[in-house]
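S.K.: no sequence on this one, just coordinates:
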Ligand code: ADP
């Protein structure tokens, strides 16, 4: 299956290590498929530990010259990379839609979002300020400087094939660190296109490498290699836990963006129409496959029926399932068969315990990996949808009576990434915002992510923050200089 591109050279099918486009040592490849059709898009190298080690060693060798450049010079290269992403946005979106499935308009939105991290951090690199500390001793001067941590590794997921890479590479490179990335198996083509643009932007050889292939072998090398000082991972909590334990022997600094189980609360004083707009955006974006998607929708009993009806009408009017390349489509396919099976299991479990289907509830007539946008009512805390991230287009509506009750239910999870609520009462807004045990809270909005704000979770949703001035701290270490005079 071919992808129609203005610049066909963006479709790279070799890995990018130390500034060279390479095959696996063994010559082995794996197939990238279009989730909307099942068609084969490309074969990319099935690499393992040896290739990863070479990428890490090349990064370490290139590090000294990169950190010696001024932040302004690094920023100029990141700016160029950003501009190339925007100039090639149509092609990058076409590649993303082909391998990931999201509608073209959403893919283009992700390219803008992804590029914004390169622009932002290219600037922010100039502001990695240190401190001077008044000394307790008259004959000493105390100075704090911040230095790049060193070689960084990144392991990224398929749901945001471009943005999860630039959100890590932007701050790493801006701070003066090289980075080796392992993209998800489902979406390596977006990562390789980014590598090509990095090369064209003037990122030096070895400073940004993309290794495709076996997650276990590549992950084992990235975590055990002592040259790697920092690992940044976005993905499931299970794999995050594994990588954290594998990183223990070499005491790596970690950033982990793991699973969520976002509550979305509609209080009885909410603007219901605004809450519906927010719920549609937060729940069905990327077909429900984001870690900040509303997973549990709690609606006050006084407005439950009215909200359910408004949401049903909005889903019927606004959502269109289909191939991402078709105009007007808002819901692409899910990523793979396993994703469909999980969604089906969550719905079957809910129905067996008394929930009802308002709309959807089954695979879409289009076949492949398409699923109907679904709303369930009569959902309770004993159901799987309350405990696990569904990662699909299913909106389960829970009923609640009091603020205390809903805050308790919202916090009753090991996750703590994003939460949302709708209320117009200023006192309630503060009380609930403070009571929610989450790293990010959307208040009267369903969309919270941007490059200038800190993205990240508490509890088992992870460690560290990405985006914003906090995001660059993850890639620097503090050095204290004590000078006798
Ligand atoms: P998802 O359920 O979203 O696919 P995963 O956590 O499985 O989430 O995948 C996120 C990333 O982690 C992908 O790049 C995947 O290849 C990688 N990954 C999965 N298992 C491992 C592992 N054992 N070691 C290193 N990386 C892994």
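M.R.: Done, it's in. Please read all numbers here as calculations on a predicted model, not as lab measurements.
S.K.: thought residue 289 was touching residue 391?
M.R.: Yes - the pair residue 289 and residue 391 qualifies as a contact (C-beta atoms under 8 Å) at a distance of 5.3 Å. No exception for glycine: its C-beta is placed from N, CA and C like everyone else's.
S.K.: and residue 146, what element?
M.R.: strand 140-148 (DSSP states H and E).
S.K.: contacts for the following helix or strand past that strand?
M.R.: Where DSSP H and E defines the elements, the next helix or strand beyond strand 140-148 is strand 151-155. Contacts to strand 151-155, defined as C-beta atoms under 8 Å, 6 or more residues apart in numbering, come from residues 56, 59-60, 63, 165, 168-169, 172, 177-182, 215, 218-219, 222-223, 227-235, 239, 243, 475.
S.K.: check which residues of strand 151-155 are buried.
M.R.: Across strand 151-155, burial judged by 16 or more other C-beta atoms under 10 Å covers 151, 152, 153, 154, 155.
S.K.: tell me the confidence at residue 225?
M.R.: Turning to residue 225, the model gives it a pLDDT of 98.
S.K.: please apply the same query to residue 265.
M.R.: Reported pLDDT for residue 265: 98.
S.K.: adding pLDDT, write the buried residues of strand 151-155 out as CSV.
M.R.: Converted to CSV, the buried residues of strand 151-155 look like this (pLDDT from 0 to 100):
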residue, pLDDT
151, 99
152, 99
153, 99
154, 99
155, 98
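S.K.: near the ligand, which residues of this structure? Just list them.
M.R.: 155-157, 182, 184-185, 215-216, 219, 235-236, 239, 242 (C-beta under 6 Å from any ligand atom).
S.K.: just the ones in strands from the residues you listed, please.
M.R.: 155, 182 (DSSP state E).
S.K.: now the residues of the chain next to the ligand: which count as buried?
M.R.: 155, 156, 157, 182, 184, 185, 219, 235, 239, 242.
S.K.: OK, contacts around the residue lying closest to residue 259 once chain neighbours are set aside?
M.R.: Sequence neighbours aside, residue 237 is the residue nearest to residue 259 in space, at 4.4 Å (criterion: C-beta to C-beta, 6 or more residues apart in numbering). By C-beta under 8 Å, 6+ apart, residue 237 lies in contact with 258, 259, 414, 415, 460, 461.
S.K.: run the last query once more with 6 Å
M.R.: 258, 259, 460 (C-beta atoms under 6 Å, 6 or more residues apart in numbering).
S.K.: before we move on, back to that, and which of the residues of the chain next to the ligand is nearest residue 383?
M.R.: residue 236 (20.6 Å; C-beta to C-beta).
S.K.: quick check, residue 191 in contact with residue 184.
M.R.: No - between residue 191 and residue 184 there is no contact, the gap being 8.4 Å when judged by C-beta atoms under 6 Å.
S.K.: and the spatially most central residue of the chain, which helix or strand is it part of?
M.R.: A centroid search over the chain (C-alpha atoms, centre = their mean) returns residue 164, at 4.7 Å, as the residue closest to the centre. Using DSSP H and E, residue 164 sits within helix 163-175.
S.K.: cool, and residue 341?
M.R.: Using DSSP H and E, residue 341 sits in helix 337-352.
S.K.: list the buried ones in the strand holding residue 146?
M.R.: Judged by neighbour count (16+ other C-beta under 10 Å), strand 140-148 contains these buried residues: 146, 148.
S.K.: so in that sheet, which strands flank it, and in what orientation?
M.R.: strand 131-133 (antiparallel), strand 476-484 (antiparallel) (DSSP bridges).
S.K.: would a markdown table of those with mean neighbour count and mean pLDDT be doable?
M.R.: Below are the strands paired with strand 140-148 laid out as a markdown table (neighbours: other C-beta atoms under 10 Å; pLDDT from 0 to 100):
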| stretch | mean neighbour count | mean pLDDT |
| --- | --- | --- |
| strand 131-133 | 11 | 98 |
| strand 476-484 | 12 | 98 |
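S.K.: a markdown table please, covering these and showing distance to residue 39.
M.R.: Listed next are these as a markdown table, based on distance: least, C-beta to C-beta, whole Å:
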| stretch | distance to residue 39 |
| --- | --- |
| strand 131-133 | 56 |
| strand 476-484 | 44 |
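S.K.: so which of the ones you listed comes closest to residue 96?
M.R.: strand 476-484 (30.6 Å).
S.K.: and the angle for the closest one with helix 163-175?
M.R.: 20 degrees (axes from the mean of the first three to the mean of the last three C-alpha atoms, to 10 degrees).
S.K.: how far away from the center of its chain is strand 476-484?
M.R.: Chain-centre distance of strand 476-484: 34 Å, with C-alpha atoms, centre = their mean, to the nearest Å.
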